[in-house]
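# here is a sequence with its predicted model. Questions after.
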Amino acid sequence: MGSVKEYFTSLGSGIASLIKGMQVTGKEFVTPKITERYPEDRETRHVPQRFRAILRLIYDNDGNHKCIACGTCERVCPNGTIHLDTKMVDTLAGTKKKKLDNYMYDLGSCTFCQLCVTNCPTNAIDFSNDFEQAVFTRGKLVKKLNYLPEKEEPAPTPEQLAAAAAEREAKIAAAKAKAAAAKAAREAAEGASASASDAKAPEAPQTENKNQ
Ligand code: SF4
Ligand code: SF4
């Protein structure tokens, strides 16, 4: 008798389990699919704007970027992912200025921490959400971010250099004259103060000679 009862109990349990399984299957059958049909849906696929796929140098419509070659991004990167080549150029003001030559970025060692982006003083770089970056060799993961030719600074003419030098000399002379005038005024004020304190000083008391 006991074995008959056990038989029907386990049969009921099996049927209940089967119904539960069919419920799960039926629910998933009518739930909207979330599997991406990549690459067939490449044209219509939505990638969130904040997705960090690869670092890029931001160019404006005229082909200019805002990188001033300060090297901050290279210094703050914890992985040595960024390497900058720079050069010094003459400016119209007659001084030297650092200029970007090559901005090299190794996507293979980037951890997308974004320290370079947040520390850039000119907002010259950001992350693109272009996720299709697969290549066959590691070497191809090293990218030159300033892919447009760097624009040459117009070289200063000898007249501009001479004018800039004269302007510098004039500024230095004016600064020296100002410092000398300030020093003379300070010394005059100190002298006047010393004279005034001498005039106010009390006369020393005369001591009586008791031996006379
Ligand atoms: S990208 Fe920004 S932080 Fe990096 S060198 Fe250029 S200006 Fe400096
Ligand atoms: S995101 Fe981080 S790891 Fe990648 S280049 Fe910038 S600082 Fe380096």
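Looks like it arrived, so ask away. All values reported here derive from a predicted model rather than from experimental measurement. Ligands and ions are numbered 1, 2, ... in the order given.
# what's Gly139 sitting at in phi/psi?
phi -60, psi -30 (degrees, to the nearest 10).
# can you give me the distance of the residue lying closest to Asn79 once chain neighbours are set aside to Gly94?
The shortest distance from Asn79 to any non-neighbouring residue, by C-beta to C-beta, 6 or more residues apart in numbering, is to Ser109 (4.7 Å). No exception for glycine: its C-beta is placed from N, CA and C like everyone else's. Per C-beta to C-beta, to the nearest Å, Ser109 is found 41 Å from Gly94.
# rewinding a little: could you report the neighbour count for the residue nearest to Asn79?
For Ser109, the number of neighbouring residues by other C-beta atoms under 10 Å comes to 15.
# ok, it - contacts?
Going by C-beta atoms under 8 Å, 6 or more residues apart in numbering, Ser109 touches Asn79, Gly80, Thr81.
# any idea of the pLDDT on Ser156?
Rather than Ser, residue 156 is Pro. Looking at Pro156, its pLDDT is 74.
# what sits against it?
Asp90, Thr91, Leu92, Gly94, Ala164.
# can you name the next helix or strand after the helix or strand encompassing Ala16?
Under the criterion of DSSP states H and E, Ala16 resides in helix 2-30. Downstream of helix 2-30, the next assigned helix or strand under DSSP H and E is strand 54-57.
# for that following strand, name the packing helices and strands.
strand 96-106, strand 125-128 (3 or more C-beta pairs under 8 Å, 6 or more residues apart in numbering; DSSP states H and E).
# one more time with 10 Å, if that's ok
strand 96-106, strand 125-128, strand 142-144 (3 or more C-beta pairs under 10 Å, 6 or more residues apart in numbering; DSSP states H and E).
# near ligand 2 at all, the second one?
No: with C-beta under 6 Å from any ligand atom as the measure, strand 125-128 is seen stopping short of ligand 2, the closest distance being 7.5 Å.
# now the lengthiest helix in the chain, how far from the centre of its chain.
What stands out as the longest helix in the chain, according to DSSP state H, is helix 158-200. For helix 158-200, the separation from the chain centroid amounts to 41 Å (computed by C-alpha atoms, centre = their mean, to the nearest Å).
# please renumber the chain so that the first residue is 36 from this point on.
New numbering, starting at 36: the last item is helix 193-235.
# quick check, Ile93 in contact with Leu183.
No: with contacts counted by C-beta atoms under 10 Å, Ile93 stays clear of Leu183, the gap being 11.7 Å.
# which one's more surrounded, the two?
Neighbours per residue, other C-beta under 10 Å: of Ile93 and Leu183, the larger number sits with Ile93, 16 against 10.
# show the contacting residues for that one.
By C-beta atoms under 10 Å, 6 or more residues apart in numbering, the contact set of Ile93 is Asn99, His100, Lys101, Cys102, Cys155, Thr157, Asn158, Ala159, Ile160, Asp161, Ser163, Leu180.
# neighbours around the first one, how many?
Right, Asn99. 11.
# surely it is in a strand?
No: applying DSSP: H, G, I helix; E, B strand; the rest coil, one finds Asn99 to be coil, outside a strand.
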